[in-house]
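Novice: Please work out how this folds:
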Amino acid sequence: MDFVDAHCHIISEDPSAYPKAPIGGKQSEWAATRPVTAEGMVARMDDSGIDQAVLVQATTHYGYDNSYVLDSSRRRPRRFVAVGTVDPLRPDAAANLGTAVGEGGLSGVRLFTSGSTVPTQGEWFVAPETFPFWEQAAKLDLPVCLQMRLGPATRQLVELLERFPDVTVLLDHIGYPDIAASPARAGAEVAELAAHPGLHLKLTHRNLERLRDAGEQADDFLTPVVEAFGAGRIAWGSNLPAAEQSLPELRALAEEVLTGLPELDRREIFAGTARRLYPSLGEHGS
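Specialist: Sure, this is the predicted structure:
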């Protein structure tokens, strides 16, 4: 089966060429203790039978400086595409977006509104100042990864999707739904969002570990979510090295949890969706 890792991070061993500049000034623990270089990621992919990967900017290490993911994807266009972090509140965000994409440029962007180093969920991603950014992303047909937590900010997400229906949004880690508390309730809450056709889901170990722990009740989440979105709007990503497991273990976890899905659905989740979201993967793929 074809595999594309739709969410992994890389850290250079050369801090002089690629200086640390985490958003908020706080570096994530994983970036400090278990970084993986672009070369290391290729080796891990080869060991895991993963053909290509989406390099998502390590925001908690590099902030808005996307140099390393861009340089790495340019050096290995057959293996990588780059997704960079941007600040949509900047007055020049929309103008800069056009020059950041294209041949050898960013294949997508990411907004970091909450995470391990930003525990308070930001709601700024749909502030009026961001509207030119979203309009430009729609014009460029540029996928926007949104790192956020469902809950109080879900209202802002829905507002965004309604205001900009032509934007493709990938919800990182499916927005951290509370699968552990109730797979059925979490599944119903996520499935409701499928009414917005531009929304796609990024399924990672953050969700898969909870689903594995849920046992047979995992279907109470997976069934309504896959039925509502369709496998063609769900992409798997390892989240290496933020995830502590090895890449073969992360792939095995995903295959174990999704084993009950039809093969066509698994093909979409493991590669098809990512290849449609990032067409240059197909252009350079073997």
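Novice: mind showing which ranges of the stretch 51-200 of the chain have poor pLDDT?
Specialist: 115-121 (pLDDT under 70).
Novice: Show me the helices in it, by range?
Specialist: 59-62, 67-75, 93-100, 131-140, 154-163, 183-192 (DSSP state H, counting those that start in this stretch).
Novice: Of these, give the one that comes closest to Thr113.
Specialist: Among those, the nearest to Thr113 by CB to CB is helix 154-163 (9.1 Å). Every residue, glycine included, has its C-beta placed from N, CA and C.
Novice: Centre of the chain to the closest one, how far?
Specialist: Its chain's C-alpha centre and that of helix 154-163 lie 18 Å apart, by CA atoms, centre = their mean, to the nearest Å.
Novice: Would you mind listing the outside residues contacting that helix?
Specialist: 123, 125-126, 131, 134, 146, 148, 150, 167, 169, 171, 175, 189, 193, 196, 198-199 (CB atoms under 8 Å, 6 or more residues apart in numbering).
Novice: ok, 10 Å please
Specialist: Helix 154-163 is contacted from outside by 113, 121-127, 130-131, 134-135, 144, 146, 148, 150, 167, 169, 171, 175, 189-190, 192-193, 195-199, using CB atoms under 10 Å, 6 or more residues apart in numbering.
Novice: could you say which helix or strand contains Lys202?
Specialist: Taking DSSP states H and E as the definition, Lys202 sits inside strand 199-203.
Novice: after that strand comes which helix or strand?
Specialist: Proceeding N to C from strand 199-203, the next assigned helix or strand is helix 205-214, under DSSP H and E.
Novice: Identify each buried residue in that following helix, please.
Specialist: 205-211, 214 (16 or more other CB atoms under 10 Å).
Novice: For it, output the C-alpha coordinates as PDB.
Specialist: Output in PDB follows, covering the C-alpha atoms of helix 205-214 (Å, rounded to 0.1, in the frame of the first residue of the first chain):
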ATOM      1  CA  HIS A 205      -1.200   9.400  17.000                       C
ATOM      2  CA  ARG A 206      -2.900  12.000  19.200                       C
ATOM      3  CA  ASN A 207      -6.200  10.400  18.100                       C
ATOM      4  CA  LEU A 208      -5.000   6.900  17.200                       C
ATOM      5  CA  GLU A 209      -3.700   6.200  20.700                       C
ATOM      6  CA  ARG A 210      -7.100   7.200  22.200                       C
ATOM      7  CA  LEU A 211      -8.900   5.000  19.700                       C
ATOM      8  CA  ARG A 212      -6.600   2.000  20.400                       C
ATOM      9  CA  ASP A 213      -7.300   2.400  24.100                       C
ATOM     10  CA  ALA A 214     -11.000   2.500  23.400                       C
END
